[in-house]
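**Q** curious how this folds, go ahead:
(chains A and B)
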Amino acid sequence: MLSPGTTVQADPPAPVVRLPRRRGIEFTLIAVAVLLSVYGYCEVGLARTGSVPPGAAGYGAGLGVLALLAHLAVRLRAPCADPLLLPIAVLLNGLGLVLIYRLDLETPADRAAPTQLVWSTLGVGLFIAVVVLLRDHRVLQRYTYVSVVAALVLLALPILFPAVNGARIWIRVAGFSIQPGEFAKVMLALFFAGCLAANRNALAYTGRRVWLLQLPTGRVLGPVLAVWLLSVGVLVLERDLGTSLLFFGLFVILLYVATGRTGWIAVGLLLAACGAFAVGWLEPHVHSRVEDWLHPFASIEAGRGPNQLAQCLFAFAAGGFLGTGLGAGHSILIGFAVKSDFILATAGEELGLAGLCAIFLLYGLLVERGLRAGLTVRDPFGRLLAVGLASIVALQVFVIAGGVTGLIPLTGMAMPFLAQGGSSVVTNWIIVALLIRLSDSARGRSEEEPEPQPQPEPERQGHGPYGGKAAP
Amino acid sequence: MTRYIRHTAAFCALLLLALLVNAARVQIVRAGEYAGNPANRRHLIARYGQPRGDILVGGRAVTGSRDSGEPFRYERTYREGPLYAPVTGFASQVYGTALLEDAADGILSGTDPALSPLPLYNDLTRARDPGGHVVTTLHAGAQRAAYAGLGGRRGAVAALEPSTGRILALVSTPSYDPGELSGTGAEVAGAWARLNGAADRPMLNRAVRQTYPPGSTFKVVTAAAALDSGVVRDVDEPTRSPDPYRLPGSSTRLTNEVVGCADASLRYAFQWSCNTVFAGLGVRVGPDAMRTTADAFGFNDRKLGIPFRVSPSTFDAPVDEAQLALSSIGQYNTRATPLQMAMVAAAVANQGAVRTPHLVERMTTGDGDTVSAAGRRTLRQAMNPATAVRLRELMTDVVEKGTGTNAAVPGATVGGKSGTAQHGIHNSGTPYAWFISWAQADDAMEPAVAVAVVVEDAAADRGDISGGGDAAPVARAVMEAVLDR
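**A** Reported below is the predicted structural model:
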């Protein structure tokens, strides 16, 4: 592997003035995040049984060791990375484990927290692996087309497996269920970023002009459009509408950032509106979700009792401003998927509006830090990748949080780090690892050495089969 | 590209803002509406999350709570449920609450603000006060005596302390065990269906929720009206009453079960229950004065609660004199609850004053600190004190040598009045046997108890049914229990 970044030492003697590294701040924040999580864990036990749960020390030690290892990896291999990214991830993951543990107490037959801890460990392991092994994010651009093939295969795999709860998005291997679509998110972001970075100028300045819109040539836009259509088509087959919405949003955002053409936003919104209307009208599964959103209490009035959305709203309302306190709420009334899609309702009921806003702001900060990395990193691929990864988090949070709070129709999705779901937690750790890598090169490396490729114009990069031929 | 990334950041900030605003909308603005939705089970889970306070009779709890281990954690239990069911009612997790369980629900379930010394602090910590207790005025012995006295028969007993209005006994038979309705299981639904469908209506509180024609016991009211209005000035003067008595404006002739009622004195007519005399007196008193006196005893009072609602007893003041004549002997539209007739007896015993009947002595917090106590309240003066003295005499005569000898209690002065009420189409139903009475121990300053008994389906032949035969022994048992004889 001979990428330009491999020659860089992790911590060379500093010849020039650098941005402060702030690894100490990161360490302090991580300690705070771990302590907060352990406090929440103890609080659940105190509220439920009046005693500190027996596993508190083990839980604290486990989370602490994981966080410490991640921190060491960052300190050694990405010393200039943004110091906020890792603490936020640790806090959200720790809080998620507390909430799942808390809900496990209501369902003694179905304990999800231990499994989630195993997946979190795996996620942190992969985080460390990415931070340590991936010396330079630009390497990834080579795998633009490998990743799209992998993404499509992963997306298509669940079709071969039976549907679970109406959606064909899981595969079951040896007792573990995996949601390949989660991993596909990262790969698709890689593909979009790589492809658009390579053809950026072509997209922006070539092709015919139709009315207000500058259309790029089919050769440039074709593959991207095809991949997007294919993945959305597969997702519609699998009835995973949340993810198809996410892919669509990701595509439109990256296209906009790459080309700067507001027209793409307009076209995107128009297409989204048409698509949403058509699907909402034709697909009964989605149609009922829209109906639920418009009339969350219709089932109560019809005498069938509250549906999940109504129970969700009840839970949020019961939380009020300060919440009932961890362990003292009744969000278990939501029933099925309370630990995954609806985990936010437990947070809202037991931590209140104050806690919910804090969680939203944590996500907001995570996204903002990701976009900031996108602003400061030099190469277009890195910029697009950072924006893509941050947008995945932002869109995902908005779609599921908006869904469970009744802002938009509900689509099943995992709250990043918070919700039960191994594939999701692993994927999100990888996303954070990539953002760490990107922010490290944005904040540190650019100061330490000259750009390996001083002219990052897409036409001259020559990566990928279309890279060199994009010019008219 | 920088510019477009900034736009993306702005877009993400917009999404975040939408989430925050919407969260505030759901959790603050619309929270009350969602919390109040009947399908939201949280208030029920909280309500049943702690033991309910107890209802006490004679210092001993007749209720309890059981930890069921289910989401609705604590279920109500009852000691001697059927005996106290007409007082406690039920507290069901499915079917709500009734009677005292309903009227004192705030105290018992711990939601009453009076239980909180620091309400704001509770709002902040979301703590609930433990359930308070309700101390009743019931006399356990009287209650038991009444229940045993009625036995398997359909009927009711209400007993009062005349000077205070404290309710000493409130019994309705057949009864039911309210504990059967406590939980949420299928057996609860089964019990509910069975109890509601039963022909003898065990869940009907006959003492306060069922009105009967009071029959001859109403003659106490008519006598009071006749004496108060001056229609009768001397209880030993002849009343110039014919026998049989032709109802005014009709050809129907009213007769008596006994002889000697023609032109009888009020004393004789009261002692032997002459229908003809009292029908005539009612007509001579007139509809307005009759209605005024009946109202003063508590008839037509739609607001009476003890604290749970008591069905209003009714005395219409018809313009038609034939109807007034029948109403005056407790027939036609005159209807009374057993509690109302106990109030009539209590008014005679208490110098003509009717005290508001009440069942709750005081309510306390879970620790026993009094939250509220019943005061001694005068309802109204039903008759002149002088009239009350004369009626005491007449009622005492009934027990000593009239139709009520079965109610005599040794060592006490007892006054009573029997009644046999016709009902049904053309009076075809089995008559109701009534007895109302009061008792004063010979060494006591004031009467200790007034009681009303009604027996719906006395097992005797129709002709033999009389208040004196079927109801008076039950009244005596209750009076003996209160007098501790």
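
**Q** so where's chain A shaky on pLDDT?
**A** For chain A, the stretches flagged by pLDDT under 70 are A:1-19, A:165-168, A:174-175, A:203-221, A:224, A:228, A:231-232, A:235, A:444-472.

**Q** in what helix or strand does the closest residue to chain B within it lie?
**A** Closest residue of chain A to chain B, C-beta to the nearest C-beta: residue A:317 (3.5 Å). Yep, even glycine has a C-beta here, placed from its N, CA and C like the rest. According to DSSP states H and E, residue A:317 maps onto helix A:308-319.

**Q** ok, the next helix or strand after that helix near chain B or not?
**A** Later in the chain than helix A:308-319, the nearest helix or strand by DSSP H and E is helix A:343-376. Yes - under the criterion of C-beta under 8 Å from any C-beta of the partner chain, chain B is reached by helix A:343-376 at A:348, A:352-353, A:356-357, A:360-361, A:363-364, A:367-368, A:371, A:374-375.

**Q** same check on stretch A:301-315?
**A** Yes - on the criterion C-beta under 8 Å from any C-beta, stretch A:301-315 is in touch with chain B at A:305-306, A:310, A:313-314.

**Q** which pair of these spans the longest distance?
**A** Spanning the widest gap among these are A:305 and A:313, at 14.0 Å by C-beta to C-beta.

**Q** tally of neighbours for the residue of the stretch 151-300 of chain B found nearest chain A?
**A** Among all residues of the stretch 151-300 of chain B, residue B:184 sits closest to chain A, at 14.7 Å; criterion: C-beta to the nearest C-beta. For residue B:184, the neighbour count with other C-beta atoms under 10 Å in any protein chain shown is 17.

**Q** tell me the SS of it?
**A** coil (DSSP: H, G, I helix; E, B strand; the rest coil).

**Q** that one and residue B:44: what is the separation?
**A** Here residue B:184 is placed at a distance of 10 Å from residue B:44 (C-beta to C-beta, to the nearest Å).

**Q** shared neighbours of those two, anything?
**A** Common neighbours of residue B:184 and residue B:44, counting by C-beta atoms under 8 Å, 6 or more residues apart in numbering or on different chains, are B:72, B:93.

**Q** who's in contact with the nearest residue to residue B:79 once chain neighbours are set aside?
**A** In space, and not counting its chain neighbours, residue B:79 is closest to residue B:62: 5.2 Å by C-beta to C-beta, 6 or more residues apart in numbering or on different chains. Counting by C-beta under 8 Å, 6+ apart, residue B:62 touches B:54-56, B:78-80, B:84, B:88.

**Q** now residue B:55
**A** Counting by C-beta under 8 Å, 6+ apart, residue B:55 touches B:61-63, B:84, B:87-88, B:100-101, B:104, B:108, B:133-134, B:136.

**Q** what do you get for residue B:350?
**A** B:162-163, B:388, B:446-447, B:450.

**Q** how about 7 Å then?
**A** B:162-163, B:447 (C-beta atoms under 7 Å, 6 or more residues apart in numbering or on different chains).

**Q** of the residues you listed, grab the buried ones for PyMOL.
**A** Buried residues within the contacts of residue B:350, by 16 or more other C-beta atoms under 10 Å in any protein chain shown, are selected in PyMOL with:
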select buried, chain B and resi 162+163+447
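
**Q** redo the contacts of residue B:350 as TSV? Include pLDDT, secondary structure and distance to residue B:373.
**A** As requested, the contacts of residue B:350 are exported to TSV (pLDDT from 0 to 100; DSSP: H, G, I helix; E, B strand; the rest coil; distance: C-beta to C-beta, whole Å):
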residue	pLDDT	secondary structure	distance to residue B:373
B:162	94	coil	20
B:163	92	coil	17
B:447	94	coil	23
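
**Q** run the chain-centre distance for stretch A:356-376.
**A** The chain centre lies 12 Å from the centre of stretch A:356-376; the measure is C-alpha atoms, centre = their mean, to the nearest Å.

**Q** re earlier: pretty sure the residue of the stretch 151-300 of chain B closest to chain A sits against residue B:92.
**A** No - look at residue B:184 against residue B:92 with C-beta atoms under 7 Å: they stay out of range, at 8.7 Å.

**Q** re the thing from before, now, which of the contacts of residue B:62 sits nearest residue B:365?
**A** residue B:54 (12.2 Å).

**Q** so that closest one versus chain A, what's the distance?
**A** According to C-beta to the nearest C-beta, to the nearest Å, residue B:54 stands 25 Å off from chain A.

**Q** for that residue, give its distance to residue B:404.
**A** In terms of C-beta to C-beta, residue B:54 sits 38 Å off from residue B:404.
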